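Trainee: Okay, sequence plus prediction incoming.
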Amino acid sequence: MRVLVKGAGVAGLTVAHELHIRGADVTVLDSRPGFGHAASWLAGGMLAPWCERESAEEAVLSGGIDAADRWDAILPGEVHRNGTLVVAPARDHGELKRFAGRTTGYEWLEEEAIAALEPALAGRFRQGLFFPRETHLDPRRVLSVLQEKLGRQGVAFVNETTSEQDFDDIVDCTGGARIAQTPDLRGVRGEMLYLRTAEVELARPVRLLHPRIPVYIVPRSGDLFMIGATMIETEFNGPIAARSLMELLNAAYALHPAFADATVVETGVGIRPAFPDNFPRVRREGNAVILNGLYRHGFLLAPAMAAEAVDLVFSRNSIGAPAP
């Protein structure tokens, strides 16, 4: 069976992988080569279903609870199983209690335990929440490595295709490009930045709570830290706003003063496609299966949603079913 996958972000690549391991002949179409235009290029890469439950529905927890195992099966060795640390300044201790009241799967930590977990934060926070089962990965590395792996396995990557009629089925994973085409799909602006400093070492993502703009700091290799991310109900895709930049920098400084001397390596803006309930959907529309609406849960939910999309492909193209 020949299947065309439209889009080469995290959704498209996980769909292509799932199709390949089930025996399909897969072509991935993306008219803009490279990942720079994809929302997943700007992702934090946190596989954190328990933390996400603070502001998301139960379906995000249940759908993402095995995400680390799924990613380990796709790309062994790329998942870092160090948990998530959640902290708040003393003046915002109420935010920490509120976060705890909306989540599960955590341990309360006192100041000494926080210092043992993250020595760089010694003496900076009186209490915190530790989610030991949460994990993270580096989205940019994972996207690149997965594309290379699929290419070696025979998946074709093209910038244009002659005819969709050459394929038995199509899976559309074009994300924000469908905002004007798919009912109820909207764009949510997210802004982030990368800082580089050798003065801070973190082993895991740290979420810093704030009543207005909670942020996360995710360590990367090469003394890099990804700081994110705003959530603004607009589809404006211009450069990062001055207010957002200041707030993200202030949050990093509040976590550790050494970030004040860090180098700003990059700022980024992405439009996340989202449905009204902020949960992705897989459904057939005409001659294609549509996977969209991953919102801020791309790497967390993509493997499970990819499996659901491929189930639809194979159910329609099973023996005796009419070709599209």
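Mentor: Received, thanks. Numbers count the residues shown, from 1 in each chain.
Trainee: buried sites along the helix or strand encompassing residue 16?
Mentor: Here residue 16, judged by DSSP states H and E, is contained in helix 10-21. In terms of neighbour count (16 or more other C-beta atoms under 10 Å), helix 10-21 has its buried residues at 10-20. For glycine as for every other residue, the C-beta is placed from the backbone atoms N, C-alpha and C.
Trainee: Scan the protein for its longest helix.
Mentor: If you go by DSSP state H, the chain has its longest helix at helix 298-316.
Trainee: helices or strands up against that helix?
Mentor: helix 10-21, strand 46-47, helix 58-64, helix 67-74, strand 169-172, strand 281-285, strand 288-292 (3 or more C-beta pairs under 8 Å, 6 or more residues apart in numbering; DSSP states H and E).
Trainee: closest one to residue 226 among the ones you listed?
Mentor: Minimum separation from residue 226 across the helices and strands packed on helix 298-316 (C-beta to C-beta) falls at strand 46-47, 9.7 Å.
Trainee: quick one: average pLDDT of that closest one?
Mentor: Per-residue pLDDT over strand 46-47 has a mean of 98.
Trainee: cool, and stretch 175-195?
Mentor: pLDDT averaged over stretch 175-195 gives 96.
Trainee: What residues sit buried inside that stretch?
Mentor: For stretch 175-195, by 16+ other C-beta under 10 Å, it's 175-179, 182, 185-195.
Trainee: now, which of those residues lie within strands?
Mentor: 186-195 (DSSP state E).
Trainee: Make TSV out of those and add distance to residue 107.
Mentor: Formatted as TSV, these follow (distance: C-beta to C-beta, whole Å):
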residue	distance to residue 107
186	37
187	37
188	31
189	34
190	29
191	31
192	28
193	30
194	30
195	28
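Trainee: Out of those residues, which comes closest to residue 242?
Mentor: Nearest to residue 242 among these, counting by C-beta to C-beta, is residue 191 at 10.8 Å.
Trainee: how much space between that closest one and residue 88?
Mentor: Residue 191 sits 22 Å away from residue 88, going by C-beta to C-beta, to the nearest Å.
Trainee: ok, now residue 13?
Mentor: 36 Å.
Trainee: now do residue 186
Mentor: Taking C-beta to C-beta as the measure, residue 186 falls 30 Å from residue 88.
Trainee: now do residue 157
Mentor: 44 Å.
Trainee: So which of those two has more stuff around it?
Mentor: More neighbours surround residue 88 than the other of residue 157 and residue 88, with 25 against 17 (other C-beta atoms under 10 Å).
Trainee: Surely that one and residue 208 touch.
Mentor: Yes. Shown here, residue 88 and residue 208 form a contact pair, counting by C-beta atoms under 8 Å, at 6.8 Å.
Trainee: which of the ones in strands among the buried residues of stretch 175-195 sit farthest apart?
Mentor: Of all pairs drawn from these, the greatest distance, 30.0 Å, lies between 186 and 195 (C-beta to C-beta).
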